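Undergrad: here is my input, please return the structure:
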Amino acid sequence: MSLFLAAISLGLLGSFHCIGMCGPIALALPVHQYSTLKKYIGILLYNVGRVLTYSILGLIFGLLGQSFFIGGFQQIVSISIGVILLVSVILTHTSILNTPKFSGITIFISRLQSKLSALFQKKGLHFLFLIGILNGLLPCGLVYLGIAGAIATGHYLKGAEFMLFFGIGTIPVMYAVAFLGQFITIKFRNIIKKSMPVVISVMALLLIVRGLNLGIPYLSPQAHQESNTISCCETTSNTQQEKSCCSKKN
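TA: So this is what the prediction gives:
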């Protein structure tokens, strides 16, 4: 249960980052022509779409984490996730993604943004649900942290649950942005936006340190090696009253 409390906390506290990143999308949602009730429903559908995408991502990456955990590569996974998060920070703040090597990523993001723009021109509450689904696929440092948590669960269902609770945690702030976004200044949004790379970098370094097996309580605990010793008891007398225990090592 503590894992999912962590997921909700990550979503709730980290969702202030959404004010800077996803805030413009929430502000631009085509709900202003609806009545108050329909506006609430429309924003809810948008958020349900986002959470659904996050849950599917959690399922996929939780399955990936499960395959690593079965193989006993927990420490390698922790270090690898940390490195990937650091690389993602570097890539998103340089022009490297615009090089031919990463053209596939930029093309995908461009097409995703085009689809979103087209949906914003549509009328109907169900289109808000589709906007939420696509929004969940946009590059986002907070989502990267959530995915790292899903991998760390080491199970596909727990990964999906982790991202589900993570998504639920982001809803209150995203609702507030959609209704009260006009009171949030651009300067404030930019400050929050710039703080996220620092948060991701700190989390990445903590994951790397945790995987180094340094024996530091809570921060980098010593991994326990499973013993291959099998205890057994053998009868040594006809009366079966005396027994001697032995150990067999594989």
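Undergrad: switch to C-alpha atoms for all contacts and neighbour counts from now on
TA: Noted.
Undergrad: the residue nearest in space to the middle of the chain: helix or strand, and which one exactly?
TA: In the chain, the C-alpha nearest the mean C-alpha coordinate belongs to Gly146, at 1.4 Å (C-alpha atoms, centre = their mean). Using DSSP states H and E, Gly146 sits in helix 141-153.
Undergrad: elements contacting the helix or strand just after that helix?
TA: Later in the chain than helix 141-153, the nearest helix or strand by DSSP H and E is helix 156-180. Packing partners of helix 156-180 (3 or more C-alpha pairs under 8 Å, 6 or more residues apart in numbering; DSSP states H and E): helix 2-14, helix 16-20, helix 23-27, helix 36-70, helix 141-153.
Undergrad: please redo it, this time with the cut-off set to 7 Å
TA: If you count contacts as 3 or more C-alpha pairs under 7 Å, 6 or more residues apart in numbering; DSSP states H and E, helix 156-180 packs onto helix 2-14, helix 23-27, helix 36-70, helix 141-153.
Undergrad: could you list the buried residues of the longest one?
TA: This means helix 36-70. 39-69 (16 or more other C-alpha atoms under 10 Å).
Undergrad: who does the helix or strand following that helix touch, helix- and strand-wise?
TA: Remark: after helix 36-70, the chain's next helix or strand is helix 74-92, criterion DSSP H and E. In terms of contacts (3+ C-alpha pairs under 7 Å, 6+ apart), helix 74-92 is packed against helix 186-211.
Undergrad: and the helix it packs on with helix 74-92, angle?
TA: Put simply, helix 186-211 runs at 150 degrees to helix 74-92, going by axes from the mean of the first three to the mean of the last three C-alpha atoms, to 10 degrees.
Undergrad: dump the residue contacts of Gln74.
TA: Contact analysis of Gln74 by C-alpha atoms under 7 Å, 6 or more residues apart in numbering lists Phe68.
Undergrad: from Thr153, how far off is it?
TA: Using C-alpha to C-alpha, to the nearest Å, Gln74 is found at 10 Å from Thr153.
Undergrad: what do you get for Leu128?
TA: Plainly put, Leu128 is 31 Å away from Thr153 if you go by C-alpha to C-alpha.
Undergrad: settle it for me: which of the two has more neighbours?
TA: Taking other C-alpha atoms under 10 Å, Leu128 and Thr153 do not tie; Leu128 has more neighbours (26 against 23).
Undergrad: quick check: that one touching Tyr46?
TA: Yes: the pair Leu128 and Tyr46 qualifies as a contact (C-alpha atoms under 7 Å) at a distance of 4.9 Å.
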